[in-house]
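Peer 1: turn this into a structure:
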Amino acid sequence: GSGLVGSEMCIRDRRYFALLFLLFALAFAGVNQTNYVQAKETTQKICLYLGQKITLADLPEGEVVLSKEHVVEVSANKVVTTIGAGTVTISVKTKAETVDYAEIEVKKNEILSDLSFNRQSFAAHPLGGGSFQLPIPQFESMTCVWQARTPETATVTQEGIITPVCAGFAEFSVTVTDSYGGVYSFVLGVEILQPKFTIQKQNLAKGCQTTLLLEAVAGNPVVYQARDTSIVSIVSYNQAGVVVKAKKVGSTTVVAQVDGVQTECVITVTNPKIKKAYGFYQKKKKLAVKVTGLNAESRPLFRSSDVKVAVVTASGKVTTKKYGSAVISCEVDGKTVNYYLAVSTKTAVRAMRYGYKQIGKKKYSQARRMDKNYYDCSSFVYRTYRAVGRYLVCKTSWAPVAADIGHYYVRKGKRIKAKKNYSEKKMRPGDLICFGGSKAKKNGRYKRIYHIAIYIGNGKTMESSSTYNNVVIRDRGVFKKSEIPVVVRP
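Peer 2: Residues are numbered from 1 along each chain as shown. Purely as a prediction, here's the structure:
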């Protein structure tokens with residue numbers, strides 16, 4: 001009985017070993033068929049920065065296989081060097097199997113990878129302001145290699161110290177190595193400015209203002225100064241320029257300082273004048289308008305307001321053409337000076353010239369209207385024409401009143417017609433303007449006329465005025481029929 005039992009146990013043992021052998025054979029056959037085992041539970045996950053190196057001391061012996069190129073390099077002594085951003089799997093291939101050893105994610109330096117520059121990244125720097133460095137806090141504690149791409153505009157040292165050479169946009173390339181060994185390249189630049197006034201010298205007429213424009217400032221602070229404030233004063237200013245006013249004849253310098261850089265403009269104050277502002281001439285006469293108070297830099301520009309009446313050359317020479325009036329203007333050194341020209345008949349011209357000599361010299365008085373140093377409005381008109389041989393109304397030693405003069409020439413058919421306003425094209429210098437009308441105070445006289453003046457063209461009259469207590473020229477503007485019932489031509 002014991003022998004039978006022992007025999008059966010032996011058989012079972014042999015079957016057990018046979019089954020175990022079969023299982024090993026099947027397993028071996030399976031490995032030969034796939035030749036790959038993915039051991040996920042043993043795969044390491046490693047995060048590195050670009051440029052960083054690590055040693056994989058426990059990397060199995062075998063052929064190193066990378067799932068992606070240009071992310072890491074693995075040396076023979078198992079040193080991994082990161083060379084590009086991305087994720088790569090390092091596997092080891094042996095005769096028996098290929099096993100994933102590690103998954104490595106390579107990141108860029110967050111501080112540097114998101115950094116970019118454009119033309120507005122840095123404030124412009126004035127030429128002449130000395131050397132400087134660009135404020136880039138991200139580069140601190142990192143190794144930088146600088147190179148000037150535009151050395152004709154600015155040079156740079158390896159410490160990043162920039163020295164301007166000329167105005168323009170200075171460009172640089174910078175190679176930055178971080179603490180991990182990652183290398184990053186940048187191109188950046190800064191505007192090099194030459195702050196200056198758009199003009200370096202200018203004439204300016206006394207009493208006038210001008211704006212001196214400043215270019216190439218780009219937001220930098222500006223300080224202005226006039227070296228002699230008795231000649232030129234500063235009215236207002238901003239970064240774009242400064243407004244100055246000429247106070248007296250002379251020359252001084254206006255200075256602008258931009259971040260330590262100085263630019264200048266020399267202002268010369270002139271005093272343009274026309275000695276005689278009014279002229280009275282017949283047709284087809286030649287004259288010259290002379291403007292004084294200028295210098296060699298002054299560039300006068302002459303114009304005629306009515307070329308049908310008179311023309312003017314670039315040098316101020318005038319030729320009268322027809323009856324009427326014109327303003328010969330001269331623009332010079334920021335100021336316009338005017339010459340008021342009246343063209344009329346010989347008698348009217350002589351009368352206006354005589355009256356012009358009385359301006360500011362004769363007082364107003366009705367009681368003494370015929371005395372040597374006095375006039376009232378009608379005696380001024382009468383005596384002015386009488387001085388050149390024309391008697392208004394009648395030859396008398398006592399001048400007729402304004403209403404009688406106007407009424408006389410209306411009866412003579414010498415009235416200038418108008419509906420609402422008198423046209424200066426129809427009026428002629430030397431005509432007589434009679435003020436009155438239905439809105440005037442009743443005085444028992446023709447058309448309620450209470451005042452008379454000599455028209456001298458360009459909207460102006462010459463008259464003896466009780467308001468100014470003298471002989472004056474007044475700018476009347478529009479001649480309204482409602483205020484001037486009569487205009488006559490003596």
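
Peer 1: every contact and neighbour count from this point should use C-alpha atoms.
Peer 2: Fine.

Peer 1: contacts only, for Gln202.
Peer 2: The contact partners of Gln202, taken as C-alpha atoms under 8 Å, 6 or more residues apart in numbering, are 265-268.

Peer 1: parallel or antiparallel, which strands does the helix or strand encompassing it pair with?
Peer 2: Element membership for Gln202 (DSSP states H and E) is strand 201-205. Here strand 201-205 is paired, per DSSP bridges, with strand 261-270 (parallel).

Peer 1: before we move on, the earlier item: now, which of the contacts of Gln202 sits nearest Ile46?
Peer 2: Cys265 (67.4 Å; C-alpha to C-alpha).

Peer 1: so that closest one is in contact with Gln257, correct?
Peer 2: No - contact between Cys265 and Gln257 fails when scored by C-alpha atoms under 8 Å: they sit 11.9 Å apart.

Peer 1: who's in contact with the residue nearest the centre of the chain?
Peer 2: The centroid of the chain falls nearest to Ala240 when counting by C-alpha atoms, centre = their mean (6.3 Å). Contact analysis of Ala240 by C-alpha under 8 Å, 6+ apart lists 213-215, 217.

Peer 1: the next helix or strand along the chain from the strand holding Gln202: which residues count as buried?
Peer 2: Next helix or strand after strand 201-205 toward the C-terminus (DSSP H and E): strand 209-215. Across strand 209-215, burial judged by 16 or more other C-alpha atoms under 10 Å covers 209-210, 212-214.

Peer 1: pLDDT below threshold where in this protein?
Peer 2: Counting by pLDDT under 70, the chain has low-confidence residues at 1-42.

Peer 1: before we move on, back to that, just how off-centre is the strand holding Gln202 within its chain?
Peer 2: Using C-alpha atoms, centre = their mean, to the nearest Å, the mean C-alpha position of strand 201-205 is found 20 Å from that of the whole chain.

Peer 1: over to stretch 302-311?
Peer 2: Averaging C-alpha positions (C-alpha atoms, centre = their mean) puts stretch 302-311 35 Å from its chain's average.

Peer 1: what's the answer for stretch 207-215, then?
Peer 2: Using C-alpha atoms, centre = their mean, the offset of stretch 207-215 from its chain centre is 12 Å.

Peer 1: quick one: contacts of it?
Peer 2: Stretch 207-215 is contacted from outside by 195-199, 204, 239-248, 334-335, using C-alpha under 8 Å, 6+ apart.

Peer 1: export only the CA atoms of that stretch, formatted as CSV.
Peer 2: Taking C-alpha atoms only, stretch 207-215 is exported to CSV below (Å, rounded to 0.1, in the frame of the first residue of the first chain):
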residue,chain,number,x,y,z
GLY,A,207,5.1,142.8,-29.8
CYS,A,208,4.6,139.6,-31.8
GLN,A,209,4.6,136.0,-30.6
THR,A,210,5.9,132.9,-32.2
THR,A,211,6.2,129.2,-31.4
LEU,A,212,9.6,127.6,-31.5
LEU,A,213,9.0,123.9,-32.2
LEU,A,214,11.3,121.3,-30.6
GLU,A,215,11.8,118.0,-32.4
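
Peer 1: about what we covered before: out of the contacts of Ala240, the closest to Phe302 would be?
Peer 2: The closest of those, once distances to Phe302 are taken by C-alpha to C-alpha, is Leu213, at 26.4 Å.
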